[in-house]
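Colleague: Just the structure for this:
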Amino acid sequence: MSLSPEEIERYARHLVLREIGGPGQQKLKSARVLVIGAGGLGAPLLQYLAAAGVGTIGVVDNDVVSLSNLQRQVIHDTPGVGRPKVESAQAAVARLNPHVRVEPHPLRLTEENAGALIAGYDLVADGSDNFATRYLVSDACFYMKKPLVTAAVGGFDASLTTLRPFETGPDGKPNPTYRCLFPEPPPPGTVPSCEEAGILGALTGIAGAMMALEVLRQIVGFGEGLVGRLLLIDTLAMRFETLRYAFDPDNPLTGTTSPR
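Modeller: This is a model prediction of the structure:
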C-alpha cells in the first residue's frame, strides 16, 4: 500500500525513524484497529492512532458526551455535549487526519455481538471503564486470536498490558491470558467507579498515549512490547514499574479449571 506525496510529508518524522520507515508506515496505513470506548483512555488513544496514520479505526461506544467528560476526554468539546461519542470522535479524527477512516459502532458490547465485531479488525485496544467489558473483550480476543492492548485507570493510578495468548513466547510456553493476571472480576461494588472515586484528567492522557504507542509497536514490530508484562503508573509518586507475569495453568479460561 503506497503513500501519497501528502502522506509522505505528513508522516515525515516516522519515515526517518529506522524502526518504522516506509514499510512500517505502510503497515500502519493498512491496519484495522478496534478501539473500545471513546472516553478518558479512548480520547488520546484515538488522536494518536489517527495522527500516526492507522488506516481504519473502529470506535465502540454507546454513550453521549456530557459536560463532566470534558475534564479528561479531550477528543470531545463543549459544543459536542449531548452528541453520541462515536460521532464526536469521528468528526475529531476527520479534522486531524482525512486519510484515516473511522467506523463508528454506537453500541454496547455483549456476548452476542463481540465476536463478530472483533473479527473485522487486526487488533483491539480496550479503554473501557468497567470490569464486565474488560473480561468480555479479553475472552473474545482470545477466541478470535486477536492481539489486545488493554488499560485501566483509577484516581491517580493506571495499568497497561498487551495480550497475545493465542501464541507462544520465546521460551515455547503459552503467552498468558488476561485471566492469568486477573482470574475473575472483583465482586460488584468492591471497586469504586471513576464517578465515585474521581480521576486525574491528565492521567488518562498519559495512559491513553501509552496505549497508542503499544498499538503502534504491535502493528509495526519495533521494540519490546508488554506481552507478559504489566506496566503500573503511580502519578502521586511519579513512579513507573513493570511487573512480569506468566501463563497460569490453573487460569479459568484455558487452564485446568477451564470449562472447555
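
Colleague: sec struct for L136, please.
Modeller: helix (DSSP: H, G, I helix; E, B strand; the rest coil).

Colleague: How many residues are close by it?
Modeller: Applying other CB atoms under 10 Å, we find 18 residues neighbouring L136. (Each C-beta comes from the backbone N, C-alpha and C, glycine too.)

Colleague: Going along the chain, name the helices of the stretch 51-200 of the chain.
Modeller: 85-96, 114-119, 131-144, 178-181, 194-197 (DSSP state H, counting those that start in this stretch).

Colleague: Point out the one among the ones you listed that comes closest to A212.
Modeller: Nearest of these to A212, taken as CB to CB: helix 85-96 at 12.8 Å.

Colleague: List the contacts of the closest one.
Modeller: With contact meaning CB atoms under 8 Å, 6 or more residues apart in numbering, helix 85-96 is reached by 38-39, 42-43, 46-47, 50-51, 57, 59-61, 63-65, 73, 75-77, 80, 100, 102, 104-106.

Colleague: Any buried residues in the longest helix along the chain, and which?
Modeller: Criterion DSSP state H: the longest helix present in the chain is helix 201-220. Judged by neighbour count using 16 or more other CB atoms under 10 Å, the buried positions of helix 201-220 are 203-208, 210-220.

Colleague: Kindly report the same for stretch 79-93.
Modeller: For stretch 79-93, by 16+ other CB under 10 Å, it's G80, P84, K85, V86, E87, S88, A89, Q90, A91, A92, V93.

Colleague: Go through these and say which is closest to A12.
Modeller: For the buried residues of stretch 79-93, the nearest to A12 is V93 (20.2 Å; CB to CB).

Colleague: Please tell me how far that closest one sits from G22.
Modeller: 23 Å (CB to CB, to the nearest Å).

Colleague: sorry, back to before: the helices of the stretch 51-200 of the chain into CSV, with extra columns for mean pLDDT?
Modeller: Shown next, in CSV, are the helices of the stretch 51-200 of the chain (pLDDT from 0 to 100):
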stretch, mean pLDDT
helix 85-96, 97
helix 114-119, 95
helix 131-144, 94
helix 178-181, 94
helix 194-197, 74
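
Colleague: Mean neighbour count, those helices: which tops it?
Modeller: helix 178-181 (a mean of 22; mean count of other CB atoms under 10 Å).

Colleague: same for that helix, what does it pack against?
Modeller: Secondary-structure packing of helix 178-181 (3 or more CB pairs under 8 Å, 6 or more residues apart in numbering; DSSP states H and E): helix 131-144.

Colleague: Can I get the helix it packs on in PDB? Just the C-alpha atoms.
Modeller: Extracted C-alpha coordinates of helix 131-144, given in PDB (Å, rounded to 0.1, in the frame of the first residue of the first chain):
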ATOM      1  CA  PHE A 131     -14.800  -5.000  34.500                       C
ATOM      2  CA  ALA A 132     -17.600  -6.800  32.600                       C
ATOM      3  CA  THR A 133     -16.500  -5.300  29.300                       C
ATOM      4  CA  ARG A 134     -12.800  -5.900  30.000                       C
ATOM      5  CA  TYR A 135     -13.300  -9.600  30.600                       C
ATOM      6  CA  LEU A 136     -15.700  -9.900  27.700                       C
ATOM      7  CA  VAL A 137     -13.200  -8.200  25.300                       C
ATOM      8  CA  SER A 138     -10.200 -10.200  26.600                       C
ATOM      9  CA  ASP A 139     -12.100 -13.600  26.300                       C
ATOM     10  CA  ALA A 140     -13.400 -12.700  22.900                       C
ATOM     11  CA  CYS A 141      -9.900 -11.600  21.600                       C
ATOM     12  CA  PHE A 142      -8.500 -15.000  22.800                       C
ATOM     13  CA  TYR A 143     -11.100 -17.000  20.900                       C
ATOM     14  CA  MET A 144     -10.800 -14.800  17.800                       C
END
